[in-house]
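Enquirer: Compute the structure for the input listed below.
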Amino acid sequence: MERIYMDHAATTPMDRRVAEVMTPVFTDVFGNPSSVHAYGRSARQYLDKARRTMAQSINADEKEIIFTSGGTEADNLAIIGTAMANRHKGNHIITTVQEHHASLHAAQHLEKQGFRVTYLSVNENGIISIDELKHALTDETIVVSVMFVNNETGVIQPIEAIAEVLQDHQAYLHTDAVQAFGLLDIDVKQVDIDLMTVSAHKLNGPKGIAFLYVKDGTALSTLQFGGEQERKRRPGTENVPATVGFQKAVELVMQEKMERKQTYQRYKDLFMEQLARNGVNFTVNGNVDQTIASIVNISFPGTNVESLLTNFDLDGIAASSGSACTAGSVEPSHVLAAMYGQEDDRTTNSIRFSFGSFNTDENVSEAADRVAKIVKRLTK
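Expert: Residues are numbered from 1 along each chain as shown. Down below sits the predicted model:
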């Protein structure tokens, strides 16, 4: 039985071209980038070149790129670091109820430190209200953090409109663009984004490496203490092999962006069409026209997440859900609960399917056939 991977939003397989550029760096470029001798300078050159590539991909300056160990660290540094550095201006943070836990838990931590946090609601399509944002803003607001694309539903937030609201306000705008980068065009200068998170392992790059864009002039407190790497904003010896792999992944995704977007959209359309042809009762969570090409979140009435995921896995289908599964119980997805209400069945019967490089037209169609058989059996 062929196993079919449909969980690219969780992580992507590393592109062989990425692995190929990383391999010699592990053995040949072992110097510490902070060392002044030739070995260190050689490592530093690789780091600097990668930083320029990241900056160019979003129309930033290379000095505005901070390498971190992953998206979670970058989100934490953006939200907590900016809040702490600007506490003298106010103590109010604005985010949304359906952020990734890397951002939500950072906001909750700040609440324990005496900050006041407003969690914006979303409508049934998963979109925030710009009017609610305007109403929530105060003279004390210092950080607004809204993810670009939701990781569970693929819903795209109106980041440009949010930036316009903040144009003449002191608050810094942070966006977690982990699911958006590589499929949407992002120009941080044009949109006026202050801080942005991008992670390599969502782009067919290595795990354990991400970057945080920090607009020049943004006050940011470090969360770790040690050396003076990353312009004193993130101490620790840099991960040169992973950074080189990240660079290659970014180069590839920028070259192939349109092709990938069209391909993943075709997979998504094909998957839903095949489910419909099989007579499956399902609905898409959120307005499918307002979602990223690679993600679809589907509700299967009369089922539950635990039995669906277990049976999918037994039949070789890798997918996921925002619901927390434990023995005998399912905690509703906080994202879908924000859209439909805590008691709505969609919070515990919905599955995220996400498409990428491990997919083909053939295995997407086959996956839809297997999913259809399982759903019909479970709802008989």
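Enquirer: in the stretch 1-150 of the chain, which spans are strands?
Expert: Along the stretch 1-150 of the chain, the stretches classed as strands by DSSP state E, counting those that start in this stretch are 4-5, 65-68, 92-96, 116-120, 141-145.
Enquirer: State the mean pLDDT of the second one.
Expert: Per-residue pLDDT over strand 65-68 has a mean of 98.
Enquirer: Now do it: which elements does it pack against?
Expert: helix 38-57, strand 210-214, helix 229-232 (3 or more Cβ pairs under 8 Å, 6 or more residues apart in numbering; DSSP states H and E). (Each C-beta comes from the backbone N, C-alpha and C, glycine too.)
Enquirer: what about the strands of the stretch 1-150 of the chain, which gets the closest to Val165?
Expert: strand 141-145 (8.5 Å; Cβ to Cβ).
Enquirer: helix or strand right after the closest one?
Expert: Of the helices and strands lying after strand 141-145 in sequence (DSSP states H and E), the nearest is helix 159-165.
Enquirer: Just the buried positions in that following helix, please.
Expert: 159, 162-163, 165 (16 or more other Cβ atoms under 10 Å).
Enquirer: That helix packs against which elements?
Expert: helix 130-136, strand 172-176, helix 188-191.
Enquirer: hmm, 6 Å instead?
Expert: Contacts defined by 3 or more Cβ pairs under 6 Å, 6 or more residues apart in numbering; DSSP states H and E place helix 159-165 against helix 130-136.
Enquirer: As PDB, could you dump the C-alpha coordinates of the helix it packs on?
Expert: C-alpha atoms of helix 130-136 as PDB (Å, rounded to 0.1, in the frame of the first residue of the first chain):
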ATOM      1  CA  ILE A 130     -11.000  45.800  10.700                       C
ATOM      2  CA  ASP A 131     -13.600  47.800  12.600                       C
ATOM      3  CA  GLU A 132     -13.000  45.600  15.700                       C
ATOM      4  CA  LEU A 133      -9.300  46.200  15.400                       C
ATOM      5  CA  LYS A 134      -9.800  50.000  15.200                       C
ATOM      6  CA  HIS A 135     -12.100  49.900  18.200                       C
ATOM      7  CA  ALA A 136      -9.500  47.800  20.200                       C
END
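Enquirer: Need the mean per-residue confidence for it.
Expert: 98.
Enquirer: same deal with stretch 183-198?
Expert: Here the average pLDDT along stretch 183-198 is 98.
Enquirer: Enumerate residues external to that stretch that contact any of its residues.
Expert: By Cβ atoms under 6 Å, 6 or more residues apart in numbering, the surrounding residues in contact with stretch 183-198 are 58-60, 71, 74-75, 78, 160, 163, 172-178, 181, 211-215, 218, 261, 292-293.
Enquirer: again with stretch 282-299
Expert: So stretch 282-299 is contacted by 9, 125-126, 149, 152-156, 183, 261, 264-265, 268, 275, 300, 346, 349-355 (Cβ under 6 Å, 6+ apart).
Enquirer: Domain map for the chain?
Expert: Under the assignment automatic domain parsing, the domains of the chain span 4-12+256-378, 16-255.
Enquirer: Those domains: lowest mean pLDDT?
Expert: Taking the mean pLDDT of these, domain 4-12+256-378 comes last: a mean of 94.
Enquirer: As a check, name the ranges of all helices in this protein.
Expert: 16-28, 38-57, 71-76, 82-85, 101-112, 130-136, 159-165, 188-191, 229-232, 240-255, 257-277, 305-314, 334-340, 361-378 (DSSP state H).
Enquirer: Can you say which of these is packed in most?
Expert: helix 71-76 (a mean of 24; mean count of other Cβ atoms under 10 Å).
Enquirer: which residue is nearest the centroid of the protein?
Expert: Val178 (2.8 Å; Cα atoms, centre = their mean).
Enquirer: Tell me which residues touch that one, please.
Expert: By Cβ under 6 Å, 6+ apart, the neighbours of Val178 are 71, 197, 199, 202.
Enquirer: How about the contacts made by Val146?
Expert: 96, 157, 162, 175.
Enquirer: now, which of those residues sits nearest Ala50?
Expert: Distances from Ala50 to the contacts of Val146, taken by Cβ to Cβ, are shortest for Thr175, at 21.8 Å.
Enquirer: Leu110 and Ala83 touch, don't they?
Expert: Yes: using Cβ atoms under 6 Å, Leu110 is in contact with Ala83, at 5.4 Å.
Enquirer: and for the two, which residues touch both?
Expert: Ile93.
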